[in-house]
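Student: Can you look at this prediction? I've put the sequence above it.
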Amino acid sequence: MIPEIGHFALVVALFMALVQTVMPVVGAYRGIPELMAMGRPAARAQFLFVAVSFAMLTLAFIENDFTVAYVVQNSNSALPIEYRISAVWGAHEGSLLLWVLMLAAWGLAITIFSQSLPEHFLARVMGVMGFISVGFILFILMTSNPFDRLIPGATDGRDLNPLLQDPGLIIHPPMLYMGYVGFSVAFSFAVAALLGGRLDATWARWSRPWTTVAWLFLTIGIVLGSWWAYYELGWGGWWFWDPVENASLMPWLAGTALIHSLAVTEKRGAFKSWTVLLAILAFSLSLLGTFLVRSGVLVSVHAFASDPERGVFILAFLVVVIGASLGLYAWRAPNVYGGGRFRLFSREMLLLANNVLLMAALAAVLMGTMAPIVLDALGLGKISVGPPYFDAVFVPVMLPLVILMGIGPLVSWRSGDMRPVFKKLRVVFIAGLVVGAVLPLVTMGRTTLMVAAASMIAVWAIFSSVQYLRDRLIRRPGNRGLSAGVYGMVIAHAGVGVFVIGATLSSAFSVERDVHVRVGDTVRINDFAFHLEEVKPVRGPNYHSDMARVTVTRDGEQVAVLTPEKRTYFVQTMPMTEASIDATLFRDLYVALAEQRGEDGWALRVYHKPFQAWIWSGPLLMALGGILAASDRRYRTSAKRIVQTRRRSAVGPVVREAKV
Amino acid sequence: MRMVLVFILLFLVTARVAGEMTLSNPEDEQRFNDLSKVLRCMVCQNQSIADSNAELARDFRDQVKEQINEGQSDAEIIDYMVERYGHYILYRPPFNMATAILWTGPFILVVVGFVMVVRTMRRQEQSQAGTNTRQQARLRELLEKSADFDDKGG
């Protein structure tokens, strides 16, 4: 009964989404307040029913209902409860349901937090959000129903993929999807603005906090995924330029560009059309990522061609959404140059440069991801695009961006005078060069030209952000405190620097040793001695494992005890490597147990990875900056002010407001 | 001489049985680590031969180590592998007609982007210069003042 309730709730949610799509848009078009007013309750009802549907699937997992095919494929009675819950989004069908749940949740959030939006605008936003929901719920119901029964039922399930049985994977997909799907809000705002023909600074102000929140979720989601790959795959890498990773990086790059472009549109009223285009692009790339990951086209073009049902559906939806929004854009985007003039050296110009560089970086990721698929499909041969390509193309585009990032905030709008900016930055520039050059030498004892250059750029990014903050604190009018937005930007920019330091030093100076040892042997890396004490069998809830005990000493003093494991899960017998890591601010010690060789011989992977923690800290700082920026009082006061003005002008929307 | 041959044979056999050959010094190990990260395990789903436990990856690793021990340079080893298994094995795509856009596209985009930005800016200045009456200038000044105020408040 439970799965049927879930299935039925999803069907009801589809109808709610249909109501949400049609009624408010027709209402806005015809100017019928009653129809426009239907968007809000429909969105709330849609969320309720999707949530019920999701809860029912979760219940089926918790109760080990092995008459549900999806549960059989992804769970097992021996699976611990937390993984039974996260198994809900452990495969295709359930992760799509999570996608839809997130989408409905964003819709709900709009109905709660956008009380101040004009009724026409909100109606159109609701309509666009509803349309996306319709597409995805239909996709689930037609091609990927997680509630399909298996009759007769199985006695037990095939278990969750052992790779996914990990705490990181419990929260990584929800965070990532919150980000992915969150760009649908910026997208809906953009399309609604195009439909209404009103594209102005107010629109940008409404979009900004939503975009920032989506972006920060995506940032956290990507970091969690990277962190998971780092410790769970057992190869010590944290970014593989895998198409699945790229699929999440592309909307992130577009979203980053959008955040900056929105700033110009809000403050100066400039780049309106470009900003709208970016909002469309960010969400289109989220859809493209979903298509790439979910259609099977990545595994092989031929696998896609032989079982095209799912792929074709998403592709068609992708074409409809992107095609329609771009068509609308071509038709309605304002062809005027607003926002006043600005000079070559101005904050507008630097933010445009930011956008150009981010778009080029995005192009590199997009082409690197698509080229193997496209060339193969065209019969032009099979190629692989991996780290060497991205190191050669992506990185050179991104590093200048980090340099500009240090200058941008200090330049004023319109026509910035170069001299005062350079005067303010002179000292931190020199300090950045010196500290950046010295940092690898002091911490690692050696350096190369490339490392020194990247390190200088990173340190410059941090120093110049701090300098900007100092400057603002000194100049603040009337001793008022600075807004959360300023702190947010400074922290996020400094986070970029922290990340670049981590990525540079970790990639350049990681030492990896791949060795065969016997119990009692010692492996040395730099000053660290890794001593394999013992390997003993351990039993887990649904696996057995060999757990090694490796003590790490430095100058005879014990630094850490690491316990890497080699697990074999009972049901899916594939062996799993559980790396063990001792992390401090300046280095990770990483040991992974590979296969057994002979009686008490083992293959061991041992790494010393300097500054690894900085790779995660940097993006977390960026996300923290996002939280601060989104919480800026400005967005709330401006909303209140709009409500007040509307209350005063007693025409039109008042009817609705009485009910709110 | 015969002893040496037997020894070598024995060494090769044991190496094969162990499944992994050994390298003589840390520099070679580092070279091997770097090389094995740019070579693809062709039967795996997007893994380098360094990151895969597949039989094929193990075999490729041995081939690379063997060639390092024979004194081949990195370029020679990569050429050899590409010649034998095609470009698919190498994570660095070749530069040819089919991949020209892939390699140059992002950089072209940077140039085109900046040219477009500067052109747009010029056109904007011209169009504004044409309609610039005194009142409009005054209005803009006021608007800019309020925008400035906004900015500083922000």
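Tutor: Here it is on my side, so go on.

Student: Which strands and helices lie in contact with the helix or strand where A:I474 lies?
Tutor: Assigned by DSSP states H and E, A:I474 belongs to helix A:449-475. Helix A:449-475 sits against helix A:387-407, helix A:418-444, helix A:484-509, with contacts defined as 3 or more C-beta pairs under 8 Å, 6 or more residues apart in numbering or on different chains; DSSP states H and E. Bear in mind the C-beta positions are built from the backbone N, C-alpha and C, glycine included.

Student: Taking their axis directions, the longest helix along chain B and helix A:387-407 sit at what angle?
Tutor: In chain B, with assignment by DSSP state H, the single longest helix is helix B:100-130. For helix B:100-130 against helix A:387-407, the angle by axes from the mean of the first three to the mean of the last three C-alpha atoms, to 10 degrees is 20 degrees.

Student: Now do helix B:100-130, average pLDDT.
Tutor: For helix B:100-130, the mean pLDDT works out to 82.

Student: Mind listing what's buried along it?
Tutor: B:L102, B:W103, B:G105, B:P106, B:L109, B:V110, B:G113, B:V117, B:M121, B:Q124 (16 or more other C-beta atoms under 10 Å in any protein chain shown).

Student: wait, what's in contact with the residue of chain B found nearest chain A?
Tutor: Per C-beta to the nearest C-beta, B:Y91 is where chain B lies closest to chain A, at 2.8 Å. Going by C-beta atoms under 8 Å, 6 or more residues apart in numbering or on different chains, B:Y91 touches A:S384, A:V385, A:G386, A:P387, A:P388, A:Y389, B:K37, B:V38, B:L39, B:R40, B:S48.

Student: Then A:Y231?
Tutor: So A:Y231 contacts A:G168, A:A579, A:I581, A:Y590 (C-beta under 8 Å, 6+ apart).

Student: Can you give me the distance of it to chain B?
Tutor: Using C-beta to the nearest C-beta, to the nearest Å, we find A:Y231 at a distance of 14 Å from chain B.

Student: Specify the angle between the helix or strand hosting that residue and helix A:484-509 in degrees.
Tutor: Using DSSP H and E, the element containing A:Y231 is helix A:201-232. Orientation check (the same axes, to 10 degrees): helix A:201-232 against helix A:484-509 gives 30 degrees.

Student: Next secondary structure after helix A:201-232?
Tutor: helix A:243-268.

Student: Mind splitting chain B into its structural domains?
Tutor: B:2-89, B:97-153 (automatic domain parsing).

Student: how close does A:P420 sit to chain B?
Tutor: In terms of C-beta to the nearest C-beta, A:P420 sits 16 Å off from chain B.

Student: Just give the number of residues close to that residue.
Tutor: Residues lying near A:P420 (other C-beta atoms under 10 Å in any protein chain shown) number 12.

Student: do A:Y29 as well
Tutor: Neighbour tally, A:Y29, other C-beta under 10 Å: 15.

Student: before we move on, which element is it in?
Tutor: helix A:2-30.

Student: Show me what that helix is packed against.
Tutor: helix A:33-36, helix A:39-62, helix A:92-113, helix A:119-143, helix A:167-196.

Student: Where does pLDDT dip in chain B?
Tutor: The model of chain B has pLDDT under 70 over residues B:1-21, B:124-154.

Student: can we see that at 50?
Tutor: Along chain B, the model assigns pLDDT under 50 to residues B:1, B:7-19, B:149-154.

Student: What distance do you get for A:T443 to A:T584?
Tutor: 12 Å (C-beta to C-beta, to the nearest Å).

Student: Comparing the two, which residue is more hemmed in?
Tutor: A:T443 (16 against 11).

Student: my guess is the more buried one contacts A:W614, does it?
Tutor: No - applying C-beta atoms under 8 Å, one finds A:T443 not in contact with A:W614, separated by 11.1 Å.
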